[in-house]
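Visitor: structure for the following, please:
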Amino acid sequence: MIVCPTIFGSSALVLLIACANLANLQLVRSTARRHQGALRLALGASRRRLIRGALAESVLLALMGGIAGVLVAYAATRGILLLLFRGATYVPIDASPSLLILAFAFALSLFTGVLFGIAPALVLSRSNPVEALRGANRSTRDHSALPQKMLVIFQAAFSLVLLAMAGLVTQSLQHMEGGNFGFQPSGRLIVEVDPQAAGYKPEDLTVLYRSMLDRLHQIPGVRSVGLSTWSPQDGDDWNDSIIIAGHPRNDRDQSMASWVRISPEYFETIGTPLLRGRGIAEQDTATSEHVAVIDDAFAKTYFPNEDPIGKHFGHDVPSHAGDYTIVGIVKTSRYQHAMLSQNPMFFVPLTQTEAFQHPLLQHWEVSSHFVRKIEFRVAGGPAQYGPAIRNALASIDPNLTVIALQSMSEQVDRLYDQERLTARLTELFALLALLLASIGIYGVTAYNVAGRTSEIGIRMALGADRASVVRMVLRGALLQIGIGLAIGLPLAVLAGRLVASQLYDVGKFDAVVLLNAMLVLAVCAVIAGFLPAKRAASVEPMEALRTE
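Guide: A predicted model of the protein is given here:
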């Protein structure tokens, strides 16, 4: 699996937010240890030695986190591989980390430990021995207050970016999974076979297909059966340039189309509605007029101002411009991944063959008659029909084995495993970022409340009520979040533009997603700030004044 830039960017943002929380923790710890640092300075310790000690603590914490992260990553990678290769007997990727990955984790842990340990170390080294030893807390300036608030703003901004990205990726996945594919996956079963590997020759196929359809229709619960070279959301089809009879030819442009050979009942089996005309029928034999059914995209692309029924087209060979007569139009169906462009499509009968002079074209024409997929529309759960289908095919020819058997819903799900994994991981990263930001807001607010206990006591002694104290504390917390939102909003818009090419049917800017992300972050900030604000309002004035 190719590493998705969205996942890489999200994990990097979560790492930065976690490091910011670690830096905040170290800042609080360094501030609380100012007396200890001042005492060491008074006894002759150098400021460089204090900085080294604080950095050593930060690096140790980072390395311990890196070790824990490698263990968690190993377990998570195994889970991801089980999801991506579910049902597979062989997994081509080993979840065990390589030496290169371990070296990267060690280097990253060391780097973040040093980077986010510098500010706390500097705060500790700037302790004033005289003021700290006097115990003059009110006169001692808190050098960590501004860095703490800046880190909270930083966390809020990046959390908004992650929440917005998670919203966009989730919306894209919903559009993929809930989109109108042009067929009905529920109650459908797909079986993969290979008649060519079983030893069948092109001249044997007509009798084989007739036997398969007759025998498979006899299975109880099977409502209809279709044969095709490719199936919807299979991720493949035949592609060729075509000529529309009677249309002027521009040699600089080639008209491209994808095509599939099908049996009668195919459209009914997969649930693709017929819009006009008729589908492929039993009357379309090797000796009858060669016909084709086109999809709606084909009609709109090549017959924008005329009725396509009865018109002729063929493969891009001058002598074959009128090979196919259009007899019907069906709804456009997705045969490729939703993120990939798909040509207009047409469908031709299994039993009709064109004769080409060019050997390579003739080889492709012959190869196109070997079906790969058998589609079933069944009553009840598709999984229960596996044994009956295998027995039916074995009764025709023991060499005609079932290569794969799955419901059409499962085929669609597997095609979007990577997108689903990306969405779930992005959502997880966004939740982690939200949790870390909330913890940061709570920690800084609680620390500030503890440092302003005497101030709060004086305010309450002078007549301030508890509600005004709560508002005062919340105002400070929400101010930081507001600045973080103001900074994070343009960053979120920029991130949306960067990941737009990886999203399906989602614009570069989605106001609803951004507003929801801002609302969620604001609500979490209010909850995180309310807890220490409520605790501050519950302080008795006399007890608060005694803290000095």
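
Visitor: can you pull the buried residues of the longest helix seen in the chain?
Guide: Longest helix of the chain, by residue count under DSSP state H: helix 47-84. Going by neighbour count (16 or more other CB atoms under 10 Å), the buried part of helix 47-84 is 47, 50-51, 53-55, 57-59, 61-63, 65-66, 69, 73, 80-81, 84. The way it works is simple: take the backbone N, C-alpha and C, and place the C-beta from them, glycine included.

Visitor: quick one: average pLDDT of stretch 265-277?
Guide: Averaging pLDDT along stretch 265-277 yields 93.

Visitor: what's the answer for stretch 369-380, then?
Guide: The average pLDDT within stretch 369-380 is 91.

Visitor: try stretch 56-72
Guide: Averaging pLDDT along stretch 56-72 gives 83.

Visitor: how about the strands in the stretch 151-300 of the chain?
Guide: With strands called from DSSP state E, counting those that start in this stretch, the stretch 151-300 of the chain shows them at 188-192, 222-228, 238-244, 255-262, 274-277, 291-295.

Visitor: columns mean neighbour count and distance to V493 on top of the ones you listed, output as JSON lines?
Guide: Listed next are the strands of the stretch 151-300 of the chain as JSON lines, based on neighbours: other CB atoms under 10 Å; distance: least, CB to CB, whole Å:
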{"stretch": "strand 188-192", "mean neighbour count": "23", "distance to V493": "41"}
{"stretch": "strand 222-228", "mean neighbour count": "21", "distance to V493": "44"}
{"stretch": "strand 238-244", "mean neighbour count": "17", "distance to V493": "38"}
{"stretch": "strand 255-262", "mean neighbour count": "22", "distance to V493": "36"}
{"stretch": "strand 274-277", "mean neighbour count": "15", "distance to V493": "40"}
{"stretch": "strand 291-295", "mean neighbour count": "26", "distance to V493": "37"}
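
Visitor: quick one, which of those strands gets closest to P359.
Guide: strand 238-244 (16.3 Å; CB to CB).

Visitor: who does that closest one touch, helix- and strand-wise?
Guide: With contacts defined as 3 or more CB pairs under 8 Å, 6 or more residues apart in numbering; DSSP states H and E, strand 238-244 has these neighbours: strand 255-262, strand 312-315.

Visitor: which stretch among those strands comes nearest V444?
Guide: The closest of the helices and strands packed on strand 238-244 to V444 is strand 255-262. By CB to CB, the value is 58.2 Å.

Visitor: what ranges do the strands span in the stretch 401-548 of the chain?
Guide: Using DSSP E, counting those that start in this stretch, the strands of the stretch 401-548 of the chain run over residues 404-407.

Visitor: could I get the helices and strands packed on strand 238-244 as JSON lines with mean pLDDT and distance to R452?
Guide: Below are the helices and strands packed on strand 238-244 laid out as JSON lines (pLDDT from 0 to 100; distance: least, CB to CB, whole Å):
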{"stretch": "strand 255-262", "mean pLDDT": "90", "distance to R452": "70"}
{"stretch": "strand 312-315", "mean pLDDT": "89", "distance to R452": "81"}
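
Visitor: and S438, which of those strands is closest to it?
Guide: Among these, the nearest to S438 by CB to CB is strand 255-262 (50.1 Å).

Visitor: so how far is that closest one from its chain's centroid?
Guide: Relative to its chain's centre, strand 255-262 lies at 30 Å (CA atoms, centre = their mean, to the nearest Å).

Visitor: against which helices or strands is it packed?
Guide: Strand 255-262 packs on strand 222-228, strand 238-244, strand 345-349, going by 3+ CB pairs under 8 Å, 6+ apart.

Visitor: mind putting the ones you listed into TSV with mean pLDDT?
Guide: Below are the helices and strands packed on strand 255-262 laid out as TSV (pLDDT from 0 to 100):
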stretch	mean pLDDT
strand 222-228	94
strand 238-244	84
strand 345-349	94
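
Visitor: so how far is G322 from the nearest residue to G277 once chain neighbours are set aside?
Guide: Sequence neighbours aside, G328 is the residue nearest to G277 in space, at 3.3 Å (criterion: CB to CB, 6 or more residues apart in numbering). Distance of G328 to G322, given as CB to CB, to the nearest Å: 18 Å.

Visitor: neighbours around V207, how many?
Guide: 10 (other CB atoms under 10 Å).

Visitor: what about it, distance to L531?
Guide: Relative to L531, and taking CB to CB, V207 is found at 78 Å.

Visitor: re earlier: okay, the strands of the stretch 151-300 of the chain in TSV with distance to A388 next?
Guide: Below are those laid out as TSV (distance: least, CB to CB, whole Å):
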stretch	distance to A388
strand 188-192	11
strand 222-228	8
strand 238-244	31
strand 255-262	23
strand 274-277	29
strand 291-295	30
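
Visitor: who wins for proximity to D316 among those?
Guide: strand 238-244 (3.8 Å).

Visitor: just how off-centre is the closest one within its chain?
Guide: 34 Å.

Visitor: got it, and stretch 302-310?
Guide: The answer for stretch 302-310 is 39 Å, by CA atoms, centre = their mean.

Visitor: okay, buried residues for it please.
Guide: Neighbour-count burial for stretch 302-310, with 16+ other CB under 10 Å as criterion, is recorded at 302-303, 308-309.

Visitor: and the contacts of that stretch?
Guide: By CB atoms under 8 Å, 6 or more residues apart in numbering, the residues outside stretch 302-310 that reach it are 244, 247, 255, 276-277, 294, 298-299, 311, 313, 325-329, 344.

Visitor: next, count neighbours for G381.
Guide: So G381, with other CB under 10 Å, has 11 neighbours.

Visitor: heads up, I number from 49, so please use that
Guide: That works, and once the first residue is 49, the last one we named lands at G429.
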